[in-house]
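Q: sequence unknown, structure follows:
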């Protein structure tokens, strides 16, 4: 039974609610059959409780720890058989806790045994592991004797001292999220997910597709195990990718940025999902020594001074979602639609041409044509965020993403990814690329011509042209090195369907090359 020891090189021991506990990361344990002729039944029951440290707008409240039931976690009864190491341990039976943290496990015994309860950091579809060893975290209760016919009550406390409770708070957020998803989408399959966390990990905190959440644990710099907003945010990314589709570019994103619209939706969805799950508009991320510092914002605001509101804004997306969800009737927010409406609209994006706020709104309208209060409320909420939305119209906003590309009608645009130079990655900014779309009713040969017509920085005026199908698969591209007066061209025979054309002002060299120029894009179908 391999242990992954904490910093300091020793497994830590202390007093839990039922006796000694040991903080270790354990690999899979093997079941050993007991001969039926000698088998008799005992039972072990009890309550698993973890210590939650509240993350508030005053930081992590280490002096206000709250006991919480650990729901849906895996519990094992393990016997000590007298051998050395793994050979001396035998899993007799396994179970899971209920919503109150209670478990009751029948145990098959051949005779009296010395056993202990092992609580694994595994619940529902999630498991919390050490990123270095890959081992699953677990906490054990004290040894006790168990004989056939016995019923033994063994309560186990998972304390914050020694950092034992953190993985179980992470699981609690995920279990709560899954409960909302399954209630809204009956029959949905939520894939398994691995969460990596350790007390010496810092400078991470992200969803790593397809099925890993990476969370910080260094409480001297940044720890996330009790930052429910952060956990909910990253799990929101996982759910979007699993239940729908995530077309985000990724990279740096700051509140107030004008972002690539699918990136703004991805980050705004994650913000909004986490806060809807907490039923709290205040996003809180603690950091610094003992997590005493905070990064926070409030989703109740519609157009805060730091933002550039629109479907390109992460904050706009998250604030719209919060207003759709919350029950408070405030400015421009006359409706609370609830989880089913919110999650069903997300699921529609799995097969939508685009994944951005307006496509999400269109999906919500299409799914609620018999609920005018939902449609009127959505329209009002978007208006409060400066978006003039016309439900059912095509397009439903005056400036849709992508822009419709009509044969023989030139489309003009201006791109610039040169600023701000202080930002290391700029390809996910709204002005760094332009997108247009067209639909072919039947197969055709399409000629796309991009002309670079002017630039305030003529020495860095190189633009490139890309063509994608409705699933986002790259069909063709043209990436000549050129400047003002130069052209990019794609001529391609295409089947019927919807296509997206993108003009990029960046090139993924090493380092990435950023440019700026004005262009004219023309499509012809000879």
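A: Sure, I can see it. Source: prediction; values computed, not measured.

Q: all strands for the stretch 51-200 of the chain, in order.
A: With DSSP state E, counting those that start in this stretch as the criterion, the stretch 51-200 of the chain has strands at 55-56, 59-60, 66-69, 73-80, 89-96, 102-109, 113-123, 126-129, 136-140, 144-146, 151-153, 156-158, 193-196.

Q: Name the surrounding residues that touch the second one.
A: Counting by C-beta atoms under 8 Å, 6 or more residues apart in numbering, strand 59-60 makes contact with 53, 54, 223, 226, 286, 288, 290, 291, 292, 293, 294, all of which sit outside it. No exception for glycine: its C-beta is placed from N, CA and C like everyone else's.

Q: circling back: using JSON lines, lay out the strands of the stretch 51-200 of the chain together with mean neighbour count and distance to residue 208.
A: Formatted as JSON lines, the strands of the stretch 51-200 of the chain follow (neighbours: other C-beta atoms under 10 Å; distance: least, C-beta to C-beta, whole Å):
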{"stretch": "strand 55-56", "mean neighbour count": "20", "distance to residue 208": "23"}
{"stretch": "strand 59-60", "mean neighbour count": "21", "distance to residue 208": "25"}
{"stretch": "strand 66-69", "mean neighbour count": "14", "distance to residue 208": "28"}
{"stretch": "strand 73-80", "mean neighbour count": "23", "distance to residue 208": "23"}
{"stretch": "strand 89-96", "mean neighbour count": "18", "distance to residue 208": "27"}
{"stretch": "strand 102-109", "mean neighbour count": "18", "distance to residue 208": "32"}
{"stretch": "strand 113-123", "mean neighbour count": "23", "distance to residue 208": "18"}
{"stretch": "strand 126-129", "mean neighbour count": "23", "distance to residue 208": "13"}
{"stretch": "strand 136-140", "mean neighbour count": "25", "distance to residue 208": "18"}
{"stretch": "strand 144-146", "mean neighbour count": "17", "distance to residue 208": "40"}
{"stretch": "strand 151-153", "mean neighbour count": "14", "distance to residue 208": "41"}
{"stretch": "strand 156-158", "mean neighbour count": "26", "distance to residue 208": "26"}
{"stretch": "strand 193-196", "mean neighbour count": "20", "distance to residue 208": "9"}
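
Q: can I get the ones you listed in TSV with distance to residue 355 and mean pLDDT?
A: TSV is the format used below for the strands of the stretch 51-200 of the chain (distance: least, C-beta to C-beta, whole Å; pLDDT from 0 to 100):
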stretch	distance to residue 355	mean pLDDT
strand 55-56	30	94
strand 59-60	34	92
strand 66-69	35	97
strand 73-80	34	96
strand 89-96	35	95
strand 102-109	41	96
strand 113-123	29	97
strand 126-129	24	98
strand 136-140	33	96
strand 144-146	53	97
strand 151-153	50	97
strand 156-158	38	97
strand 193-196	20	98
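
Q: In the stretch 251-400 of the chain, where is pLDDT below threshold?
A: For the stretch 251-400 of the chain, no stretch is flagged by pLDDT under 70.

Q: that older thread, can you name the two of the contacts of strand 59-60 that sit furthest apart?
A: 54 and 288 (16.4 Å; C-beta to C-beta).

Q: one step back: redo the strands of the stretch 51-200 of the chain as a markdown table? Include distance to residue 437.
A: A markdown table is the format used below for those (distance: least, C-beta to C-beta, whole Å):
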| stretch | distance to residue 437 |
| --- | --- |
| strand 55-56 | 42 |
| strand 59-60 | 46 |
| strand 66-69 | 48 |
| strand 73-80 | 47 |
| strand 89-96 | 48 |
| strand 102-109 | 54 |
| strand 113-123 | 42 |
| strand 126-129 | 37 |
| strand 136-140 | 46 |
| strand 144-146 | 66 |
| strand 151-153 | 64 |
| strand 156-158 | 52 |
| strand 193-196 | 33 |
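
Q: in the sheet, who's paired with the nearest residue to residue 152 once chain neighbours are set aside?
A: The shortest distance from residue 152 to any non-neighbouring residue, by C-beta to C-beta, 6 or more residues apart in numbering, is to residue 44 (5.2 Å). For residue 44, the beta-bridge partners are residue 105, residue 152 (DSSP bridges).
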